[in-house]
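Q: fold the stuff below for me.
(chains A and B)
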Amino acid sequence: MSKGSITAEPPVAAAPPPTAPAGRGRYLTGATFLLPAFVLLGVWLVYPTVYTIIRSFFGANGYLGTFVGIDNYKTLFTTATLVRAIENNAIWVAVVPALVTAIGLIFAVLTERVSWAVAFKTAVFLPMAISAFATGVTWRILYQQDPDIGAINALGRSISSLVSTPGVLHTALPSTPALQTRNGAVVLKAPLQPGRSVKLGLTGIPPQDVPGGAAQAVQPKPRSGAIDGVVWRDFKPGGGKSGVVEKGELGLPGVTVQLRDASGKTRTAKTADDGTFSFDSLPANTTYHASIGAQTFAKPFGGYGWLAPKLITPSLLIAYIWIWAGFAMVVIGAGLAAMPRDVLEAARTDGAGEWQVFRRVTVPLLAPVLSVVFITMIINVLKVFDLVISLAPESSQAHANVIALAMWRTAFGGVNDFGTGSAIAVFLFVLVVPVLALNIRRFKREV
Amino acid sequence: MKNRVVRGVALAAIAVPLALLAAGCGGSSNKSSSGNTTATSGSSSNSSVKGSVTFDGIWTGAEAQSFAKVIAAFNKQYPNVKIKYKPVGNNVPTVLATAIAGGHPPDMADIAQPGLVKQLAQQGHLKPITYAKSAISSNFAPVWQQLGTVNGTLYALVFKAANKSLLWYNVPAFKQAGVTAPKTFDSLLKDAQTLKQSGTPAYSVGGADGWTLTDLFENLYLRRWGQQKYQQLSAHQIKWTDPSVITTLKDMGKILGDTANLAGGRNGAIQNGFNDSVTNAFSTPPKGAMVFEGDFVAGVILSSTKAKPKTGFDATPFPSITPGANANAVEIGGDLFVTFRDTPAIRAFVNFLATAPAAEAWARLGGFGTGNKNVPASIYPDAITRATEAPIGKATAVVFDMSDEQPASFGSTTGQGEWGIFQDFLRNPADVNGTAQKLEKAASAAYKSGK
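A: Residues are numbered from 1 along each chain as shown, chains lettered A, B, ... in the order given. Below you'll find the model as predicted:
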């Protein structure tokens, strides 16, 4: 990585001019003291920066390679993955600095008023003490879609289980085309008349999901004035014949079968251990529809795809804000502590409400501190890299791409195209420079 | 390159536990050892060969010790040649580039990247090993000479090969469904349907790692179209919009198309990495029934699940599509031995490495496969290793991993090129033509810039 191009540190202030004309010796002493700094800056900042800028006009391989003009920059703005990185970075810059500053401000003001302020501040600041890479790995686990692994989706499952319970046979599928799935229920397509015995075969049920007590399935004999039938696991090793109740296939006990007549009246029956069910004393010459209710097949909460392409960038932003809110809170809190209390008191004495005090007095007085936080966050966010590479799974990384990650991937992570990699670095540098300039100007003003 | 690292670690992991298991089986592995070492002639001409050979290799730890056994077997025949092995780890390309730039390359090196061998040969850094032709042709199928040949000259010996054309399956899940290891693609699809009906999704896919998907495509392509077309596609001599690619993408769609037959559904397939796909398929109860990947899967199963060889998990060759040579073709990850100098000592060592005793010295320890057809399957220390490595020696058609032979931006970079496009294909397996066009666009851009 070209270290020179993405540094946030302001340059060392120029040595003040000597106040009095001095001899050659004083210059020499001064130069001797400055030399180590100059050498270090030259080797680690100036040379890499200059080399990176020059390198960005040359081809992929070698110390310089062949001169290609601005081709690398063209590549940067025409390759889909790189354009996506630029777009994503724009989202980051638009969202993160503002939210981090706002949340930091709220926390800072609130912690002035709560007991256990120290504990609260420590908890909020703690993420700063963890490396961004470890944070990324941790959040990746939290975000996992499988509720058995990801804590966030596990919470979602707990909430959803209050509303609905998953069906006992949630993996089951109809075994023959005579049955079809409609609105989650398994429905026998053809209408029925009394005197029939029907077969409701299900497959896709793992042995461990078969309800306890299940016995060999039996197809009941038809009886006049009644509809009988069997619900069974229409599978035996090797597959068996679908739609046929065979030896070795188990009935599914405890399944609720519904029978609806033409008027919409619904009867229900539960299956026995061998999977049989019966509806007795049915008036003749009426047609019925048999089905197994949707509740039996209700899928358990499967979790949200926090790490899937659509949600990956918002998920990253949340984790990033979690890290940096503590930093903002501490800096703004320091600003608050240094604020003259008499001004606040004066405002309150003049009859201002708490919201007015906050809005008209506290925030304006804190403006310099807020802008420090805001600008620092812009620079941080432009350079974001470690969180993205550690949190986003590889199948989503193309969708989560940011400029610094794109630079690394292009230059080192497989492609080994140093020309385009340098061009991306230069582009990032150009983005950071105006923000840095702003920062430096403010530093000077404060001095 | 992540896949290489993962495979390296997994391979290292497989050798030890499998060897231990074999030891537990009553040491039957030693029976065959005496049979084939009789080739040692010990004639006086051998001891007249003197000198030393420096050798830079990937292997460290247990693997380096195994290679030391190969060297010891060599020294039985050539007592006066000293082999100085230096374990470099996965940095071999970097170390070699530096050594060549400094003018002091080792005498020999072990390179896992066929592309690098080609590059070094074209730059004139390698010495031909044409003197080993007769030894290689009497021990290997002709294809192995091709694999070590650059522009018509033989430069490399593929000493060690890892089988990547395998299907790993959960034995209890197969038993429950009443199916056996599928031999052909059609029976694979039929068995997959049966597995689904039994309640276990058939396929456990690690789509978060793009290379698992390219490996699946490559095996399907090799099985249907054979070695020659495979190599043409590797070199981009046929386009990715070619009808052959379309057909293979459709084959792949038959596997990936049914959400209900993927472990964890489509979302699970795309979010699980290679390791997840293996643990999902071999934990109890299993979330899927089979995994398509190379011999290094065994290491992951043994280290992160409780499944036992044969009773819990087993391996079978990737199901065949077209009968004939394609049916037993093998995609390998190979260790290519190259030479930077030409001395009698080096010649003696290269010639020895091409013989069966050299391969057997390591094969009986496990974690090793070879194309040497004179190595008996019984030499492998356990049933799983025999199932995964013996097919390599029997194959008449052998190819390297295609994505390792392509420009990196197309073949092996996260989120772009083949890896990224196949992940999009996994999200939407119906989009066969769009996928082929995206692949061709990315491939031609990568081959044009050569990076």
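
Q: list the buried ones in stretch A:280-298?
A: By 16 or more other Cβ atoms under 10 Å in any protein chain shown, the buried positions in stretch A:280-298 come out as A:282, A:288-293, A:296-298. In short, each C-beta sits where N, CA and C put it, glycine included.

Q: gap between that stretch and the chain center?
A: For stretch A:280-298, the separation from the chain centroid amounts to 45 Å (computed by Cα atoms, centre = their mean, to the nearest Å).

Q: with adjacent residues omitted, what lies nearest to residue B:283?
A: Take residue B:283 and drop its neighbours on the chain: the residue closest to it by Cβ to Cβ, 6 or more residues apart in numbering or on different chains is residue B:305, 5.4 Å away.

Q: ok, residue A:115 - how many residues close by?
A: 7 (other Cβ atoms under 10 Å in any protein chain shown).

Q: which residues does it contact?
A: Neighbour list for residue A:115: empty [criterion: Cβ atoms under 8 Å, 6 or more residues apart in numbering or on different chains].

Q: show me which residues of the stretch 301-447 of chain A sit near chain B.
A: Contact residues, the stretch 301-447 of chain A versus chain B (Cβ under 8 Å from any Cβ of the partner chain): A:302, A:305, A:307-308, A:393-395, A:397-398, A:401, A:409, A:413-417.

Q: of those residues - the most surrounded one?
A: Highest count within these by other Cβ under 10 Å belongs to residue A:395, 31 neighbours.

Q: what's the burial count for residue B:362?
A: Per other Cβ under 10 Å, the neighbour tally for residue B:362 reads 26.

Q: assign a three-state SS to the nearest residue to it once chain neighbours are set aside, would you?
A: Of all residues not flanking residue B:362 in the chain, residue B:368 sits nearest, at 4.4 Å (Cβ to Cβ, 6+ apart). Using DSSP: H, G, I helix; E, B strand; the rest coil, the structure places residue B:368 in coil.

Q: so for the one residue in chain A that gets nearest to chain B, what's the nearest residue that isn't a sequence neighbour?
A: Closest contact between chain A and chain B, by Cβ to the nearest Cβ, is at residue A:237 (2.6 Å). Spatially, and ignoring its direct neighbours in sequence, residue A:237 is nearest to residue B:178 (2.6 Å; Cβ to Cβ, 6+ apart).

Q: against residue A:59, how distant is that neighbour?
A: According to Cβ to Cβ, to the nearest Å, residue B:178 and residue A:59 sit 59 Å apart.

Q: which of the two has more neighbours?
A: Per other Cβ under 10 Å, whichever of residue B:178 and residue A:59 has more neighbours is residue A:59, with 20 against 17.

Q: check the residue in the stretch 201-350 of chain B that chain A sits nearest to and give its pLDDT.
A: Chain A sits closest to residue B:208 of the stretch 201-350 of chain B, with a gap of 4.4 Å, by Cβ to the nearest Cβ. On the pLDDT scale, residue B:208 is placed at 89.

Q: now it: phi and psi?
A: With angles defined as degrees, to the nearest 10, residue B:208 sits at phi -70, psi -30.

Q: now it: how far from residue A:346?
A: Counting by Cβ to Cβ - residue B:208 and residue A:346 are separated by 60 Å.

Q: so between these two, which is more surrounded?
A: Neighbours were counted for residue B:208 and for residue A:346 using other Cβ under 10 Å; residue B:208 has more, 25 against 13.

Q: that one: what's it in contact with?
A: A:393-395, B:270-274, B:276, B:423.

Q: farthest pair in these?
A: The distance between the two most remote of the contacts of residue B:208 (Cβ to Cβ) is 14.7 Å, for B:276 and B:423.

Q: residues near residue 99, how many?
A: Chain wasn't specified; assuming chain A. By other Cβ under 10 Å, the residues close to residue A:99 number 18.

Q: um, chain B though
A: By the criterion of other Cβ under 10 Å, residue B:99 has 17 neighbours.

Q: what's the closest non-adjacent residue to it?
A: Per Cβ to Cβ, 6+ apart, closest to residue B:99 is residue B:105, 4.7 Å.

Q: tell me how far the residue nearest to residue B:362 lies from chain A.
A: 28 Å (Cβ to the nearest Cβ, to the nearest Å).

Q: residue B:66 is in contact with that residue, correct?
A: Yes - the pair residue B:368 / residue B:66 is scored as a contact, 6.9 Å apart, by Cβ atoms under 8 Å.

Q: and these two? Which one has more around it.
A: residue B:368 (30 against 21).

Q: how about the contacts made by the more buried one?
A: By Cβ under 8 Å, 6+ apart, the contact set of residue B:368 is B:15, B:66, B:160, B:359, B:362, B:389.

Q: from the residues you listed, which is closest to residue A:260?
A: Out of the contacts of residue B:368, the member with the shortest distance to residue A:260 (by Cβ to Cβ) is residue B:389, at 61.2 Å.

Q: is it true that the closest one lies in a helix?
A: Yes - under three-state DSSP, residue B:389 falls within a helix.

Q: now for residue 118, how many residues are close by?
A: As the question left the chain open, I've gone with chain A. Neighbour count for residue A:118, taken as other Cβ under 10 Å: 9.

Q: other chain: chain B
A: The number of residues packed near residue B:118 is 18, by other Cβ under 10 Å.

Q: what helix or strand is it located in?
A: helix B:114-122 (DSSP states H and E).

Q: after that helix, which helix or strand is next?
A: Remark: after helix B:114-122, the chain's next helix or strand is helix B:133-139, criterion DSSP H and E.

Q: just the C-alphas of the following helix or strand past that following helix, formatted as CSV.
A: Later in the chain than helix B:133-139, the nearest helix or strand by DSSP H and E is helix B:142-147. The C-alpha trace of helix B:142-147 is given here as CSV (Å, rounded to 0.1, in the frame of the first residue of the first chain):
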residue,chain,number,x,y,z
PRO,B,142,1.9,-40.1,-21.8
VAL,B,143,-0.2,-37.2,-20.5
TRP,B,144,2.2,-36.5,-17.6
GLN,B,145,5.0,-35.7,-20.0
GLN,B,146,2.7,-33.2,-21.7
LEU,B,147,1.9,-31.5,-18.4
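
Q: how far is helix B:142-147 from where the chain is centred?
A: Using Cα atoms, centre = their mean, the offset of helix B:142-147 from its chain centre is 15 Å.

Q: so which elements touch that helix?
A: When contacts are defined as 3 or more Cβ pairs under 8 Å, 6 or more residues apart in numbering or on different chains; DSSP states H and E, helix B:142-147 sits against helix B:133-139, strand B:156-163, strand B:398-400.

Q: model confidence over that helix, on average?
A: Computed over helix B:142-147, the mean pLDDT rounds to 92.

Q: list the buried ones in that helix?
A: B:143-145, B:147.

Q: in the stretch 251-400 of chain B, which spans are helices?
A: With helices called from DSSP state H, counting those that start in this stretch, the stretch 251-400 of chain B shows them at B:265-271, B:274-282, B:297-304, B:344-353, B:356-363, B:383-394.

Q: using JSON lines, lay out those helices together with distance to residue A:190 and mean pLDDT.
A: Formatted as JSON lines, the helices of the stretch 251-400 of chain B follow (distance: least, Cβ to Cβ, whole Å; pLDDT from 0 to 100):
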{"stretch": "helix B:265-271", "distance to residue A:190": "31", "mean pLDDT": "89"}
{"stretch": "helix B:274-282", "distance to residue A:190": "39", "mean pLDDT": "93"}
{"stretch": "helix B:297-304", "distance to residue A:190": "47", "mean pLDDT": "90"}
{"stretch": "helix B:344-353", "distance to residue A:190": "72", "mean pLDDT": "95"}
{"stretch": "helix B:356-363", "distance to residue A:190": "63", "mean pLDDT": "94"}
{"stretch": "helix B:383-394", "distance to residue A:190": "49", "mean pLDDT": "92"}
